[in-house]
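K.L.:
Give me coordinates for this.
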Amino acid sequence: MYTTVELSIIIITRPNDPLLAKAKKSAQFANEVLVIKKKSIADFALTRNQALKMAKHEWVLFLDSDEVISPTSVNEIKKIIAENKLDGVYINRQDIFYDKPLKFGESGAIKLLRMGKKSKITWHRPIHEVAKISGVVGKSNIKILHYAHLSLKEFCDSITNYAEREANFRYQQDQSFYLLQLVFYPWGKFIFNYIIRLGFLDGWRGLCYAIIMSLHSLAVRVFQYELEHAKS
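P.N.:
Reported below is the predicted structural model:
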């Protein structure tokens, strides 16, 4: 059994999320696990920044309800906190799709800034939020497993929802829409992830991921075009 460490793990989730139990179980080594339930979230960065204020420890780690901290990472998390040389660290995330890890393509080498000091970390962007650290940031071997998409239908529904929200954000920020991006970017993204990043080595799962993530890029730009067209 793990001895607890002075760390606040924050999990933001929907009510009755069936995946939450695994995420919480993987976080039990932390002295504090904050579970914040929201029916819907309009601004993800705002929600995360509000959650930060509730944490009682200086070191915090953000974990989504569909993620699990690898048991082999616990000692490194404790070491980073004990040494206290950094203000934040990048964490490695590996997607699990239809019960198998994806090792290549877009999801093969994801590094996220998810762990840092409460006084140094802030979140930005209401959708596809990103963290920024005002201090020293380092790499780590900490690993989380991401069980995001339990079916292809759920995957497609999710990327459509996020694409629409991303397009709305870009429209509100007056980010320009370019027709050439709509025509070429999704194809380029597919080639880059499936061929250059060796997504084909993940078999049919890698093909599905490359296609659906390229459709996400296409959908963002289609929604952008529709918003621009409605304005004119």
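
K.L.:
shaky segments in this structure?
P.N.:
For the chain, the stretches with pLDDT under 70 are 1-3, 231-232.

K.L.:
Domain-wise, how is it divided?
P.N.:
5-146, 152-231 (automatic domain parsing).

K.L.:
Tell me how far the closest residue in space to Y185 that isn't next to it in sequence lies from I121.
P.N.:
Closest residue to Y185 apart from its sequence neighbours, by C-beta to C-beta, 6 or more residues apart in numbering: S217 at 5.6 Å. C-beta: built from backbone N, CA, C; applies to glycine. Note on S217: its distance to I121, by C-beta to C-beta, to the nearest Å, is 28 Å.

K.L.:
about what we covered before: check contacts around the residue nearest to Y185.
P.N.:
Y185, P186, K189 (C-beta atoms under 8 Å, 6 or more residues apart in numbering).

K.L.:
next one: L113
P.N.:
Residues in contact with L113, defined by C-beta under 8 Å, 6+ apart, are G88, V89, Y90, I91, I121, V130, A131, K132, I133, V137.

K.L.:
of these, buried ones?
P.N.:
Buried members of the contacts of L113, counted by 16 or more other C-beta atoms under 10 Å: G88, V89, Y90, I91, I121, A131, I133, V137.

K.L.:
quick one: R48 and F62 touch, right?
P.N.:
Yes. If you go by C-beta atoms under 8 Å, R48 and F62 touch, sitting 6.5 Å apart.

K.L.:
which residues do the two both contact?
P.N.:
Here R48 and F62 share the contacting residues I10, I12, A131, scored by C-beta under 8 Å, 6+ apart.

K.L.:
Give me the buried positions along the lengthiest helix in the chain.
P.N.:
In the chain, assigned by DSSP state H, the helix with the most residues is helix 203-231. In terms of neighbour count (16+ other C-beta under 10 Å), helix 203-231 has its buried residues at 205-206, 208-210, 212-225, 227.

K.L.:
Look at R48 and F62 and report which has more neighbours.
P.N.:
Just comparing R48 and F62: by other C-beta atoms under 10 Å the higher neighbour count belongs to F62, 25 against 21.

K.L.:
measure the residue nearest to I36 when sequence neighbours are not counted to E164 for me?
P.N.:
Of all residues not flanking I36 in the chain, I12 sits nearest, at 4.9 Å (C-beta to C-beta, 6+ apart). For I12, the distance to E164 equals 20 Å [C-beta to C-beta].

K.L.:
which ones are touching the nearest residue to I69 once chain neighbours are set aside?
P.N.:
What sits nearest to I69 in space, not counting adjacent residues and going by C-beta to C-beta, 6+ apart, is S26, at 4.2 Å. Contact analysis of S26 by C-beta under 8 Å, 6+ apart lists L63, V68, I69, S70, P71.
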